[in-house]
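1. One predicted model, sequence on top.
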Amino acid sequence: MNTHMTRRHLLLSLCLGLAACDSSDTAPLPLNLYECDAGETALRHLITQLPDINPGVAKSYSIVLGEINRDGMTPATDEFTKRLADLKLKFINAQFLKDIEPDHTIADPDTRLAAFVLQLRSLQPTSATTWDAEVGWSYKKEFARMKVQLEVKNGKTTVVSFKNLESSSSKTPAVN
């Protein structure tokens with residue numbers, strides 16, 4: 001009986017283990033794994049593509065990971081955001097952003113001015129050295145989304161290609 005139970009437990013454990021392993025290329029990464037070199041590179045590229053909306057007006061930036069929905073958004077950690085300190089931009093943790101009436105502008109709580117929300121919507125390894133990412137930004141009622149392909153060569157992650165997926169603004173630069 002003991003051997004029969006051991007085999008049954010072994011078989012059950014094996015089945016549960018196989019069910020937990022998803023070998024498909026579409027299995028999403030946990031959001032905490034977005035905070036890596038590939039995620040940083042995708043966001044840096046996104047920042048270079050931001051249009052100059054409201055020239056001369058101070059801007060704040062906030063990074064969110066994954067989907068934004070009615071349940072809210074997942075802010076990037078402060079440690080991850082600090083990786084972008086060399087850009088000399090004012091970053092605010094997304095948990096502190098304010099919704100300003102009457103038009104529900106997402107704003108910096110200190111200045112009450114609209115903030116750019118930078119979204120690393122998805123990040124998926126496609127091989128040992130390549131990644132696909134979807135990134136986007138919003139500012140007031142303007143927004144854009146793009147797909148970015150990344151590659152790691154000689155230990156450095158770079159953008160291989162990108163294309164615009166969706167945009168609300170004619171100010172959004174053309175992308176290849």
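-> The structure has been received and is ready for your questions. Residues are numbered from 1 along each chain as shown.
2. Show me the residue sitting in the middle of this structure in space.
-> When Cα atoms, centre = their mean is applied to the chain, the residue found nearest the centroid is residue 120 (1.2 Å).
3. So what are the sheet partners of whatever helix or strand it lives in and their directions?
-> Element membership of residue 120 [criterion: DSSP states H and E] is strand 115-125. Using DSSP bridges, strand 115-125 pairs in its sheet with strand 60-69 (parallel), strand 130-139 (antiparallel).
4. How far does that strand sit from its chain's centre?
-> 2 Å (Cα atoms, centre = their mean, to the nearest Å).
5. Mind checking the pLDDT average for it?
-> If you average the pLDDT over strand 115-125, you get 96.
6. Find the least confident helix or strand in this protein, judged by mean pLDDT.
-> Among the helical and strand segments of the chain, the one scoring lowest on mean pLDDT, DSSP states H and E is helix 2-20, with a mean of 34.
7. which residues are in contact with the helix or strand following it?
-> Note on helix 2-20: by DSSP H and E, the next helix or strand toward the C-terminus is helix 37-48. Helix 37-48 has contacts (Cβ atoms under 8 Å, 6 or more residues apart in numbering) with 61, 63, 65, 80, 83-84, 87, 89, 118, 120, 123, 125, 131, 133, 135-137, 146, 148, 150, 152, 157-159, 162. Where C-beta positions appear, they are placed from N, C-alpha and C, glycine not excepted.
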